[in-house]
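A.B. asks: pasted the sequence and its predicted model underneath.
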Amino acid sequence: MAFPVHRLRRLRRTENIRRLVRETSLAPDDFIYPIFVTGANDVRRPLKALPGLDLLSGKPLAEEARELKSLGVPATLIFPVLEEGDKDAKAALAYSADGPAQRAMRTLRDAAPGLILIADLCLCEYTLDGHCGLIRDGEIDNDLTLEYIQKSAVSFAQAGADIIAPSAMMDGMVQAIRSGLDAAGYSSVLTMSYSAKFCSGLYGPFKAATNSAPSESKHATHQVDVGNARQAMTEIRLDIEEGADMVIVKPALGYLDIVARALQEFEIPIAAYNVSGEYNMVLQAAGGDADYRARLMFETLTCIKRAGADMIITYFAKDASRALA
Ligand code: PBG
Ligand code: ZN
């Protein structure tokens, strides 16, 4: 492989040659679009913390679902946003048919049959203190929390969820959900676990958008420490053993070593979550320059896929799909 016989620039000479030899390209098939839903009627209200995204319910939510379908985006990840008055110590709306996520799923199901509905499952949106689990003696009680996560998963399945995506990082959560779903007759509902969810500062805009920031964070007691790659592999292995159909690595960009390693070590589909802080970094860097913004968007999404992600959960899903059309 020596110069002058070999000249790699020949492979880059024209756009069509570059297209032919490109190993990784993007399609709407790759994307999962997060949506934020409220229990109030017929809402479309911009989320300040996530420019370009709206809080939705009712008719505007149905419109959004039809738009996703027409853009060819196969799946949406549903996040509830609660008013303070609707939260309670036991996260009641997480497992009530009247919860905002359950209501949204029924709306989405009717508006866009076939659109894959992925229900994010954590308790932090529902609890008064914003913790991801229920507190006993000042600590998040893992096994008590599992009972509530299990009830919530069944409630989401009843409302029409195709996939349950537990994000609380409790030990045993996939097993609790899988056994709860199976016992309730939902053996065909999938689980997509946030197995390798790191204790990242990049969730900040999301916490603001969902009104779920805890006054005093306990995330370090359940999310994976930023320095640990082998432990992330153990988390993924355990979730697969508990029955996970797919796993998520989160965040994405600083964590592509984790994605690449998971691809080597495991066979099941891997999603990477391009989180709110990563989205906002691109928007900030681009300022108002739409072309630059699109370039940074495609570069980051391509890198995530190149590292080995089968799917990308991204706030850019609509913009990217529109640009690819
Ligand atoms: C938990 C959840 C969070 C995100 C997705 N699911 C917040 C957290 O774990 O603290 C973050 C997503 C993002 O930042 O885009 N419900
Ligand atoms: Zn949480």
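C.D. replies: Good, I have the coordinates. Computed from a predicted model, the values in this text were never measured in an experiment. Residues are numbered from 1 along each chain as shown. Ligands and ions are numbered 1, 2, ... in the order given.
A.B. asks: how close does residue 167 get to residue 99?
C.D. replies: 16 Å (Cβ to Cβ, to the nearest Å). Every C-beta, even on glycine, is put in place using the N, C-alpha and C of the backbone.
A.B. asks: same thing with residue 89?
C.D. replies: 16 Å.
A.B. asks: so between those two, which is more surrounded?
C.D. replies: Neighbour totals were compared for residue 89 and residue 99, and residue 99 leads with 25 against 11 (other Cβ atoms under 10 Å).
A.B. asks: do you know the pLDDT at the more buried one?
C.D. replies: Looking at residue 99, its pLDDT stands at 98.
A.B. asks: now do residue 267
C.D. replies: For residue 267, pLDDT reads 98.
A.B. asks: that one and ligand 2, how far apart?
C.D. replies: Per Cβ to the ion, to the nearest Å, residue 267 is found 28 Å from ligand 2.
A.B. asks: in three-state terms, label that residue for me.
C.D. replies: The local conformation at residue 267, judged by DSSP: H, G, I helix; E, B strand; the rest coil, is coil.
A.B. asks: what residues does the stretch 51-200 of the chain have near ligand 1?
C.D. replies: 120, 122, 124, 167 (Cβ under 6 Å from any ligand atom).
A.B. asks: give me the number of residues near the first one?
C.D. replies: If I follow you right, that is residue 120. 23.
A.B. asks: and it, what does it touch?
C.D. replies: 34, 77, 78, 79, 101, 165, 167 (Cβ atoms under 8 Å, 6 or more residues apart in numbering).
A.B. asks: now it: which helix or strand?
C.D. replies: strand 116-121 (DSSP states H and E).
A.B. asks: who does that strand pair up with?
C.D. replies: Taking DSSP bridges as the criterion, strand 116-121 sits next to strand 75-80 (parallel), strand 163-166 (parallel) in its sheet.
A.B. asks: what does the first one contact?
C.D. replies: Contact with strand 75-80 is made by 31-39, 65, 68, 93, 99-101, 104-105, 108, 115-120, 125-126, 161, 163, 165, 206, 210, 311, 313, as judged by Cβ under 8 Å, 6+ apart.
A.B. asks: over to the shortest one?
C.D. replies: Surrounding strand 163-166, the residues in contact under the criterion Cβ under 8 Å, 6+ apart are 75, 77, 116-122, 149, 153, 156-157, 173-174, 177, 181, 189-194, 245-246, 248.
A.B. asks: remind me what the very next helix or strand once past that strand packs against, helices and strands.
C.D. replies: Scanning forward in sequence from strand 163-166 by DSSP H and E, the next helix or strand is helix 173-183. In terms of contacts (3 or more Cβ pairs under 8 Å, 6 or more residues apart in numbering; DSSP states H and E), helix 173-183 is packed against helix 142-159, strand 163-166, strand 190-197.
A.B. asks: please produce TSV containing those, extended by mean pLDDT.
C.D. replies: Listed next are the helices and strands packed on helix 173-183 as TSV, based on pLDDT from 0 to 100:
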stretch	mean pLDDT
helix 142-159	98
strand 163-166	98
strand 190-197	98
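A.B. asks: need those in JSON lines with distance to residue 56 and mean neighbour count, can you?
C.D. replies: Formatted as JSON lines, the helices and strands packed on helix 173-183 follow (distance: least, Cβ to Cβ, whole Å; neighbours: other Cβ atoms under 10 Å):
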{"stretch": "helix 142-159", "distance to residue 56": "16", "mean neighbour count": "22"}
{"stretch": "strand 163-166", "distance to residue 56": "19", "mean neighbour count": "26"}
{"stretch": "strand 190-197", "distance to residue 56": "22", "mean neighbour count": "26"}
